[in-house]
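>>> Dropping the sequence and predicted coords here.
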Amino acid sequence: MKKSDWEDIEVNERSTDKVFFESSLLQNISDSIDFLKDETTEIFKELDSTEFKQRIDEFDLEEFSENTINQIDDIIDDISQLKDEIVGSQDLPDEVREFSKNTKAYLNRDVVYVMKAQRKLEVSDSYNSSTRAVELCDKAIYVNELNPDAYYFKGMALINLKKYSRAIEEFINVLALDSNYIEARLAIADINRLKGDYDDALDVYNSVLKIDSESYEALKGKALVYADLKEYKRACNLFKMADSIDPLNDKSRDVWDLCMDKLD
């Protein structure tokens, strides 16, 4: 081809370097990475700015660090989900699956899965976060079926998903491993109270108080049960006991005030 021929060829430049994926999961990972790049660029600009020293007091480094760590953790979790979709454990030979399980148990991967599930629940109680927390807890249980925390956080995630019967089953699994796991008992009692099973709720709250006579959550829970049962004097006494241990939140204090009004 002659040089003059090259001059007639038109080149269409790409309007953007951004790559789009057909997979929504891959797209989410790509978008997250782009977000981190943009955030990092902005921070470097801040560092180079002559106004940086004046604005340092306004910069919430702790909040920025937490948000960045959460963002990175979400990206890693998305990649982990993608890996699970591509290579499911059911696709592996039995020997490989057993070796993988034993290796993860040796490395305490169940603890890591539980920590990730807990963070998912702390960040959000949305459907997606709670569903992912259940998946992570199931992974932990697969690695170590004797980890009570895995069943507990799975139960808490199921509460967010409004699957109360399944949640109670998980909390019972917790107590089968650790009968003094107070948080699991409280969760069962709270579910019973919200369902209107007041006798069962009181029994479980009382079982907590046998372990810890100054359990704020158990005293408050019993007070709320008696308020629902219109036994206002009992409710007020229990609210007072709970409040002496830890100040009641606004919602519980409103119920206490209502009970006090009923006694006048």
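Received the coordinates, thanks.

>>> which residues of the stretch 101-250 of the chain score low on pLDDT?
By pLDDT under 70, the weakly predicted segments of the stretch 101-250 of the chain are 101-107.

>>> For the helix or strand hosting R119, which outside residues touch it?
Using DSSP states H and E, R119 sits in helix 109-123. Helix 109-123 has contacts (C-beta atoms under 8 Å, 6 or more residues apart in numbering) with 70, 73, 77, 104, 129-130, 132-134, 136-137, 139-141, 143-144, 147, 149-150, 153-154, 156-157, 160. The way it works is simple: take the backbone N, C-alpha and C, and place the C-beta from them, glycine included.

>>> Give me the subset of the residues you listed lying in helices.
Of the contacts of helix 109-123, the ones assigned to helices by DSSP state H are 70, 73, 77, 104, 129-130, 132-134, 136-137, 139-141, 143, 149-150, 153-154, 156-157, 160.

>>> Just the buried ones out of the residues you listed, please.
Neighbour counting with 16 or more other C-beta atoms under 10 Å marks 77, 104, 129-130, 132-134, 136-137, 139-141, 143, 149-150, 153-154, 156-157, 160 as buried within the ones in helices among the contacts of helix 109-123.

>>> from memory I168 sits against R185, does it?
No: the criterion here is C-beta atoms under 8 Å, and I168 misses it with R185 at 11.2 Å.

>>> which one of the two has more residues nearby?
Neighbours per residue, other C-beta atoms under 10 Å: of I168 and R185, the larger number sits with R185, 22 against 19.

>>> does the closest residue to that one other than its chain neighbours sit in a helix or strand, and which one?
In space, and not counting its chain neighbours, R185 is closest to V208: 4.9 Å by C-beta to C-beta, 6 or more residues apart in numbering. Element membership of V208 [criterion: DSSP H and E] is helix 198-211.

>>> again with K220
Assigned by DSSP H and E, K220 belongs to helix 216-228.

>>> Tell me who's in contact with the residue nearest to R185.
With contact taken as C-beta under 8 Å, 6+ apart, V208 is in contact with 182, 185-186, 189, 215, 217-218.

>>> One more pass at 7 Å, please.
By C-beta atoms under 7 Å, 6 or more residues apart in numbering, the contact set of V208 is 182, 185-186, 215, 218.

>>> Counting neighbours, which of the residues you listed comes out on top?
A218 (25 neighbours).

>>> quick revisit: tell me the buried residues in the helix holding V208?
Applying a neighbour-count criterion of 16+ other C-beta under 10 Å, one finds 198, 201-202, 204-205, 207-209 buried in helix 198-211.

>>> Please work out how many residues are found near V174.
24.

>>> before we move on, what about S126?
Around S126 there are 11 residues (other C-beta under 10 Å).

>>> Need phi/psi at it.
Main-chain dihedrals, S126, degrees, to the nearest 10: phi -70, psi 170.

>>> same check, this time on E214
Backbone geometry at E214, expressed as degrees, to the nearest 10, gives phi -110, psi 30.

>>> Check S179 too.
S179 adopts backbone torsions of phi -70, psi -20, taken as degrees, to the nearest 10.

>>> ok, how many other residues are close to the closest residue to D149 other than its chain neighbours?
The shortest distance from D149 to any non-neighbouring residue, by C-beta to C-beta, 6+ apart, is to V114 (4.8 Å). Close neighbours of V114, defined as other C-beta under 10 Å, add up to 27.

>>> do N180 as well
Neighbourhood size, N180 [other C-beta under 10 Å]: 10.

>>> Assign a three-state SS to it, would you?
With DSSP: H, G, I helix; E, B strand; the rest coil as the basis, N180 sits in coil.

>>> what's the spacing between it and L202?
Separation of N180 from L202 (C-beta to C-beta, to the nearest Å) stands at 19 Å.

>>> wait, what's in contact with I191?
164, 167-168.

>>> let's see it at 6 Å
Taking C-beta atoms under 6 Å, 6 or more residues apart in numbering as the criterion, I191 is in contact with Y164.
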